Each structure stands twice: as structure tokens, then as C-alpha cells.
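J.: Have a look at this prediction, sequence included:
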Number of protein chains: 2
Amino acid sequence: MVRINDNFIKLPSSYLFSEVARKVKVFMEAHPEAEVIRMGIGDVTRPLCPIVTDALHKAVDDESRAQSFHGYGPEQGYEFLISRIVECDYRRRGIDIANDEIFISDGAKSDTGNIGDILSTANRVAVTDPVYPVYIDTNVMAGRAGSLMSDGRWSEIEYLPCTAENGFSPDLPSEEPDMIYLCYPNNPTGTTLTRGELAKWVRYCREKGALLLFDAAYEAFIREDDVPHSIYEIEGAKDVAIEFRSFSKTAGFTGIRLGYTVVPKTLLGYGADGEKVSLNQLWRRRQTTKFNGASYLTQRGAEALYSEDGQRQLRETIDYYLGNADIMRKSLLDAGYECVGGVNSPYIWIRTPEGMTSWEFFDYLLEEFHIVGTPGSGFGPSGEGYFRLTAFNTRENTIKAMARLMESNK
Amino acid sequence: MVRINDNFIKLPSSYLFSEVARKVKVFMEAHPEAEVIRMGIGDVTRPLCPIVTDALHKAVDDESRAQSFHGYGPEQGYEFLISRIVECDYRRRGIDIANDEIFISDGAKSDTGNIGDILSTANRVAVTDPVYPVYIDTNVMAGRAGSLMSDGRWSEIEYLPCTAENGFSPDLPSEEPDMIYLCYPNNPTGTTLTRGELAKWVRYCREKGALLLFDAAYEAFIREDDVPHSIYEIEGAKDVAIEFRSFSKTAGFTGIRLGYTVVPKTLLGYGADGEKVSLNQLWRRRQTTKFNGASYLTQRGAEALYSEDGQRQLRETIDYYLGNADIMRKSLLDAGYECVGGVNSPYIWIRTPEGMTSWEFFDYLLEEFHIVGTPGSGFGPSGEGYFRLTAFNTRENTIKAMARLMESNK
């Protein structure tokens, strides 16, 4: 009799974006004339850079001829892409990462979800709060979360609040977790940590033997000097951190799928008998067994991004979104809102007006200004009283939405 | 202190294809003049069909313009593809599968590997022997395999031998497993099961409450009438079976990645308290949490295959490989070898000559005829004394290789 993984039963239905969609639908049916502007979901809208589409066309042509056809590639990715990543994303920043420490995949969601495969289910987990829900849900599935409590927290997960009160910089854990998820620039708050703050986390992990799971999916949005682009800019990080990177938000690959994960060879976990084991070897074994490589087409597309023209086109796309974010941030501040993010990030994190919950503010923005965002409480208990807007809409819509908000403040 | 998943430590290094590569390298260095023909690895060599590359180019163009840009798609795949699959792969064969029972992914290797996420680690597993190693290795990682014994078997896995002695049709299990993996047309033996034989397995699973994990990756190679293309051609299978499909070997998508998995809504597993749980819902939750959809480009490429022209071009490609297989099968029989497969499959499974092990036969073929194949013992204990050749080389090389064998027999 086949038994299920009972941890799945513990997971409540995913509610956030479906409830947002339901409310928007109801509103639009009642107000068919309203021009609703969506600033909720974190998906890009700009087309792929010309240099990428050229490379994709060329790769399709490769696949159309027997002599240049590529079948199964290496599960961990093609050297032509790995060597560019190592050179451009790491060596140029003074970071020494070897080619066999890079694992190309179909995206950071898969990798942040699957990384738990190689780790004991007995490890204790800490996350920042609010947080990208995948970190929690995948640990629920694996059995590391315990049970869901009435306050919305999981009994075995340590939550590290990030709120205006601590400047959105989480305090070090008190319960000595074994796995710590950090995402910077942060989703959903749009905040960053300085070099000094990240160094504090690396030091903590080194002292406690904890693993730092560092999600740098929004790295390309960083424009300020004191914000590290990689956790490996911090000395000693290669002994404690796995870094997740994504081409989704940076190069607009949300639809064509690509990411990569860095697992340094100096990174060790502990076996049942206390023996030290290379996590690089375990992840290689996981990926070669349960994954068959990312698409050849997408890998060729990503390779093109690392040329001089590619880097310029990439920056233009990001600058477009950052331009939106800048308009949003200034407009919101002008309109009297308290907010963070939007500088090194496509996300703006707004404090809801006094006495208004996240969902009440959602209804207010939708009904008064026809703007759709995401209630902060959907990202965790400490997100209550906050609200996320994303800078991924068009410039025109961004300006239009902000004009509505400003107008209301006159 | 971060602990690893200790099950990973139990897995011996993957040895088969690296040892094949090593031996070939040594031989070629010693005999630089030899023209070695590779019939070992199961990767395709024909380019993508013209209708697919046209669709891929068009999809790249979609991604190059804001108004037709596709970002995140549904994690379970686009309706434009799902509806074609449902119509062409199922309804036309009289099988009633609903759109929300189809889950598009980046490939059958991922899905056959990841399916274990939703199932209890306490389930007992049965596999045919010889077998595609992914079924075993992923269960070792999950902790369902027990320990590796000196005979190459895992203590907690039931092996169902498929040899000439039972006509390569496995007997029903004796240990009442909860999860049973069947792959037909079979990798590595190239054999198939008839409708009647498959019905026996469906009946068994219904009686015992076992889950049938049916890998139909080689479905497109079926040409004989009595061989079902889908497990759901068997009455009652929707209550017991998950079916895995792939575009890799059929449409040459090994490099651009696409597959799909069918999880019928009538399929149930049991929770700890004996409650019945929909596996469709669990798999949906798994995929929406740990996967972000397959590439839009590849999904458009696959859609094109379901047109009339697409089906014709697809058949031409498969016919090419089946033509190779036919030449191989006849040549091998003429040369006095005993073999199966090669009729509804790209694989030929040869019995090694009396007194010769799989690896000895590997050395013999390489040294005498400069042909590379795969030792059957690499696929499991019951593969000893067998050898796999694949029909994925060019027609020219296939004929050349077979001529060498025939010559030797004169």
C-alpha cells in the first residue's frame, strides 16, 4: 500500500497570489472601466536583449544541423558558460571560484528547493521574516519545519524578524540553527546588507558550523559600492556558504529558465559519525542523478550576456527597472509613505498607514487607485503592516500609477 | 553544525560510463588509426525536425518583443501544449486524461527522480533487473534502498530479473512492494510487454494498493499493434499508475529538455492515519514549490510536433533510428548472436558469447571491431552476460559497424 510523504499534508494551500488574483477579478468585474495597474508579481516585462535573441537563434540553427547538434550536455552545464561565469561574476571581483564549483541549472527556485536533498532532515533551519516562501515550504516538505502554529510560524523554524525596528537587518539567531537562508538584495523588502553586516553572518556560521544558503538572485540590481555582489566577497565565506544565482530577474530569463549554484569545494557537512563530507561532491551526485542539464539554447543565450555588448544591454534593462523603482520610491515618499528598497532592488517595501493591515492596504490601493501589489503578511508574520510593490511594469504604467497616488495626497 | 543526508554516502561512485570512456581513451591512444564507432550512450544524433526549429525561432522572436514576451509560465506547463498532448497522445488512443492531470517538466529524468519527494520513505521499492540506474540511485538517496550487498543488490529493494530465461518479462513481485518501476519499451533490453502482460501488472497493483511508476520514454518507437503506447490503455490503470513521457529520444530534445508526467486524479496514496490523499494534488504542490516551469521556447517547439507535419517529421526521425536498429538486429542474428530489442526500441540487447562476461565482450568488440557498446552488468546483476548497443548512430556508421561484425563471421 503506497504511503505518501506526510509532511506534504501539513502544508496549507498556497493562498497569497491566488487570493490577490481573486480580489482583482472581483474588482474588475465590478469596475470594467477601471484601468488596473499590476505591481504585484515579481515577473519581468522587458523583452530579452538583442544579443541574447541573436545567440538563441544561432543555437536553434545549431540544433537544426547534424554536425552542430547538441544532445545531452554535462548535467552541471557547459564549460563555455561556466568559464564566463567564473571570469565575469567572480574573478573580476577578486573572487577565486573554480569551474567545478559552478552548477548550471534551470533556475534558482529549483536549486533552493532541491538543495535540501543533500542535507539531513535533522538540521535546524533559520529564515529571515518576511521571506521568500520557497525556503519554508521546501523545508516543510522535507520534515524540518515541525508543525504550523496559530501565529503562522512553524514550530521548528527560527524566524529572524526584519522590520523597520531593526533597520531590516536581522539579528543573529539565538537557537543555533544548522541551515540559515539569507536573500540579499532581499525579496520581499528590497533591502541590502553591507559588507560589514554580511561579515557578521559569515563569522557566525564559521563559529557554529552552520551552512549559509545565500540567495543572490537580485545581484544585478546592486548599484551602491558597499553592497557585496557575492557572499564570497566576504573572507571565509567559501567555507560556509552556498550561493544561488539566477538569470531570471537580471536578464529576463523567467520564461526560458536558467540559474546557477556555487558550491565551493572547501564547504563541508558532517556525516552521522562526525566525518566531514564535501557538499560539492554531494550536490554533483544529486544533480547528475536527478537532473539532465539546462537547455543548450538557454545556456548559449546566457553566454552572450557576458560579452561587452551583452553586459551593456543587460545593464540597460536593469537600469530601466531601477528607473521605475526610483520613480516609485520618490513618489511614495512624497505621498507621505514610509518605504525601503528600490535602490539596489526592483522591490519597494511600504509600511502600511497606521491602523491598516497589509490586506486592508491591498484593498485600499486597488479600490482607490486601481493598483495591485502584494500584502506583506503573505511573506511571513513580520510582513504584517507592510506591502510590496515591484518595479517590473512599464515606465508608462509606473508613472501613471504613481501619479494616482500623488494626486490623492494633494 | 550542518549534517548531511547520510544516504548519499552509501552510493558508490557512478562507474559505468566513466569506465567505458576510460577504456575507449586507452584504446584510441594505443591505436590512433582505428575508426571507433560509438554505440554505447543512448543519446540521439539527428538534428531537430524543421517544424520544431521553425517554432523555436518564432518563440525566440516572441521573447524579443515586449508585446509577445513570455515570463514565468504556469509551473505545470502551458495550456497550448497540454491540450495537444491530451488530444494527440491520449484521446486519439481512446484514453480519457484531463488537462490538469498533465505536468510538463524539463525531462523524465527529473520527474522519475523527483517523484519520490511526495512518497513516504517507508515504502518498499521493486525494480526490474537490469534497470535504468536513476530509479535505484534516487531511492538510495531517499533512504528506501537499505544497504548495498556484496552481490551488487540493495538490501531493501526487490529485484525482478528480466533475462532470456523468462523471455524478459518480469515475474510479479513476491515481497509486496509499494512502488514498482516499469519502463517499456525497456531501457536497456529494448523489449516490450504486451497488453495482456501489462494488464497483469495493473491488476496486481490494484489488488495490493501498489503504485506503478511507468516510464514510457521510448513510446514513439513502438510499431507493433499489441504493444500499448500508454499504461492507461489498460483498464483500471488510472487508479494505480503514474506515467512518465519524454521528448528526448522521440523528438531529439535531449539538449533542449522537455518531458511530462501524468498523475491521474483518481490516483491515491495513504497518509499515516490511513486517510486517502490525491497524488495529483501532492505532485502539483511539489512542482509549484520546487520548479518554475519548462522553457517557453521548448514548449513551443513541442507544440509544433503535434501538427500533421510535425507527426510526419517525427516519424521520419524515429524511422531512421528504427532502420538502424533493424540492420543491427539482422546483422547480429546473421553473425550468430542471440539478441532481443531493436523492433519497438532503439536498443539491442545481446547475449554475450558463452563464457564471456559483459566487460570481456566490451573489450572484445572494442579491440576486434572498434565498436563501443555498454556492458549489461552496468545495469544490474541480471545484466551480466548481456550487452547493449544503441541505434542512435548514423546509418553509415551503423552499416560500417555491422559489416565488421559480419565479416568476422565468414
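T.: Looks like it arrived, so ask away. Quantities reported herein were computed from a predicted structural model and do not represent experimental measurements.
J.: hang on, residue A:106 packs against residue A:256?
T.: No. If you go by CB atoms under 8 Å, residue A:106 and residue A:256 don't touch, sitting 9.5 Å apart. Bear in mind the C-beta positions are built from the backbone N, C-alpha and C, glycine included.
J.: Could you count how many residues lie near the closest residue to residue A:41 other than its chain neighbours?
T.: Spatial nearest neighbour of residue A:41, excluding adjacent residues (CB to CB, 6 or more residues apart in numbering or on different chains): residue A:17 at 6.6 Å. Using other CB atoms under 10 Å in any protein chain shown, residue A:17 is surrounded by 13 other residues.
J.: Does stretch A:108-118 reach chain B?
T.: Yes. Contact of stretch A:108-118 with chain B (CB under 8 Å from any CB of the partner chain) involves A:109-110, A:113-114, A:117-118.
J.: repeat for stretch A:44-54
T.: Yes. Looking at stretch A:44-54 against chain B by CB under 8 Å from any CB, the contacts come from A:44-48, A:50, A:53.
J.: what's near enough to touch the residue of the stretch 301-410 of chain A found nearest chain B?
T.: The stretch 301-410 of chain A approaches chain B most closely through residue A:394 (7.8 Å), counting by CB to the nearest CB. Residue A:394 sits next to A:45, B:66 when contact means CB atoms under 8 Å, 6 or more residues apart in numbering or on different chains.
J.: Tell me which helix or strand comes right after the helix or strand hosting residue A:280.
T.: Per DSSP states H and E, residue A:280 falls inside helix A:279-290. Toward the C-terminal end, the helix or strand that comes next after helix A:279-290 (DSSP H and E) is helix A:296-305.
J.: For residue B:7, see how far away residue A:215 is.
T.: Per CB to CB, to the nearest Å, residue A:215 is found 26 Å from residue B:7.
J.: of the two, who's got more company?
T.: Here residue A:215 and residue B:7 are compared on neighbour count by other CB under 10 Å; more neighbours surround residue A:215, at 26 against 18.
J.: residues bridging contact with residue A:106 and residue A:256, i.e. touching both?
T.: A:295, B:295.
J.: Between the residues of stretch A:108-118 next to chain B, which sits nearest chain B?
T.: Nearest to chain B, judged by CB to the nearest CB, of these is residue A:113 at 3.3 Å.
J.: circling back to that earlier point, quick one, phi psi at the residue of the stretch 301-410 of chain A closest to chain B?
T.: Backbone torsions for residue A:394, taken as degrees, to the nearest 10, come to phi -70, psi 160.
J.: And it, what's its pLDDT?
T.: pLDDT recorded at residue A:394 is 94.
J.: just residue A:410 next, same as before
T.: On the pLDDT scale, residue A:410 gets 53.
J.: And the helices in the stretch 51-200 of chain A?
T.: For the stretch 51-200 of chain A, the helices defined by DSSP state H, counting those that start in this stretch occupy A:79-85, A:108-114, A:133-142, A:195-208.
J.: tell me the most buried of those?
T.: A comparison of these by mean neighbour count, using mean count of other CB atoms under 10 Å in any protein chain shown, puts helix A:108-114 on top with a mean of 24.
J.: what about it, distance to the chain center?
T.: Put simply, helix A:108-114 sits 10 Å off its chain's centre (CA atoms, centre = their mean, to the nearest Å).
J.: who touches stretch A:186-197?
T.: Outside stretch A:186-197, the residues touching it (CB under 8 Å, 6+ apart) are A:42, A:128, A:130, A:132, A:162, A:168-169, A:182, A:184-185, A:201, A:215, A:217-218, A:222, A:224, A:226-228, A:233-234, A:325, A:340-349, A:374, A:376, A:379, A:383, A:386, A:388.
J.: Output that stretch in CSV with nothing but the alpha carbons.
T.: The C-alpha coordinates for stretch A:186-197 follow below in CSV (Å, rounded to 0.1, in the frame of the first residue of the first chain):
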residue,chain,number,x,y,z
ASN,A,186,16.2,40.9,-0.3
ASN,A,187,12.9,39.6,-1.6
PRO,A,188,10.4,41.0,-0.5
THR,A,189,11.8,44.0,1.4
GLY,A,190,14.2,45.3,-1.3
THR,A,191,16.8,46.0,1.4
THR,A,192,20.5,45.1,1.3
LEU,A,193,23.2,44.2,3.8
THR,A,194,26.5,46.0,3.9
ARG,A,195,29.9,44.2,3.7
GLY,A,196,30.2,44.5,7.5
GLU,A,197,26.8,43.1,8.2
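J.: what does the stretch 201-350 of chain A put close to chain B?
T.: So the stretch 201-350 of chain A meets chain B at A:208-211, A:248, A:252, A:254-257, A:269-272, A:277, A:279, A:282, A:285-286, A:288-298 (CB under 8 Å from any CB).
J.: switch the cut-off to 6 Å
T.: Near chain B, the residues belonging to the stretch 201-350 of chain A are A:209, A:211, A:254-257, A:269-272, A:277, A:282, A:289-292, A:295-297 when assessed by CB under 6 Å from any CB of the partner chain.
J.: about what we covered before: quick one, which of residue A:106 and residue A:256 is more surrounded?
T.: residue A:256 (30 against 27).
J.: The more buried one and residue A:63: what is the separation?
T.: Taking CB to CB, one finds residue A:256 at 14 Å from residue A:63.
J.: One more: residue A:88?
T.: Distance, residue A:88 to residue A:63, by CB to CB: 26 Å.
J.: More neighbours: which of these two?
T.: Remark: of residue A:88 and residue A:63, residue A:63 carries more neighbours, 23 against 15, as counted by other CB under 10 Å.
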